[in-house]
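task: produce atomic coordinates for the following.
(one chain, ligands or ions: 1)
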Amino acid sequence: MRRMWTPLMKPIIEKINARYIVEVGSATGGNTWSILEYCRDHDAHMTAIDPFPSFDIEKYKREFGDKFQMCTELSLNALPHLQDYDVILID
Ligand SMILES: C[S@@+](CC[C@H](N)C(=O)[O-])C[C@H]1O[C@@H](n2cnc3c(N)ncnc32)[C@H](O)[C@@H]1O
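Numbers count the residues shown, from 1 in each chain. Sure thing, here's the model as predicted:
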C-alpha cells in the first residue's frame, strides 16, 4: 500500500479533507509514517491497527504525539471501539 500513498491515497484523502484516518495492517509502519505526516500537516489524527506491528511504536508517539494511536489487536476487535473516522485503509 505504501507505493500507492502519494499517487492515489493521499490525493483522495486530501479531497475529502479527512481528519480521522484508520489504517488496518501497519506492518513495518512505512505507510503509517506517511499518514502521520499528512495528519501533522492537516490537523488530523489516526489509529493504526495491527496485532503484530514491527516498528518502534514509542518513536512514532514521540514524533507525532496524540495524532497517533496504536491498537495491537485484530481489526474486528478494535473497529467497534472506534467512532467518527472518515476513512479506513485496509491492507
Ligand atoms: C501487507 S502487511 C501491511 C503493509 C503496510 N500497510 C504497508 O503499506 O507497509 C499486512 C499487516 O496486516 C496485519 N494484519 C493481518 N490481519 C489483521 C487483522 N485482522 N487486523 C489487523 N491487522 C491485521 C499483519 O499483522 C501485517 O502486519
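
all contacts plus neighbour counts: C-alpha atoms, from now on.
Will do.

helices of the protein, start to end?
10-15, 30-42, 57-64, 75-78 (DSSP state H).

just the CA atoms of the last one, as CSV, please.
It stands for helix 75-78. This file holds the C-alpha atoms of helix 75-78, laid out as CSV (Å, rounded to 0.1, in the frame of the first residue of the first chain):
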residue,chain,number,x,y,z
SER,A,75,-9.3,-5.2,13.4
LEU,A,76,-12.6,-7.0,14.1
ASN,A,77,-11.9,-6.4,17.8
ALA,A,78,-10.7,-2.9,17.5
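
and that helix with the ligand, contact?
Yes - contact between helix 75-78 and the ligand, assessed by CA under 6 Å from any ligand atom, occurs at S75.

what sits up against that helix?
24, 49-50, 71 (CA atoms under 8 Å, 6 or more residues apart in numbering).

for the residues you listed, which one is nearest the ligand?
The closest of the contacts of helix 75-78 to the ligand turns out to be D50 (CA to the nearest ligand atom; 3.7 Å).

for that closest one, give me its contacts.
D50 sits in contact with 24-27, 70-75, where contact means CA under 8 Å, 6+ apart.

P53 too?
26-29, 72.

could you report the pLDDT at it?
At P53, the model reports a pLDDT of 98.

tell me the most packed of the contacts of D50, by neighbour count.
S26 (24 neighbours; other CA atoms under 10 Å).

that one reaches P51, doesn't it?
No - applying CA atoms under 8 Å as the test, S26 and P51 come out as separate, 9.2 Å apart.
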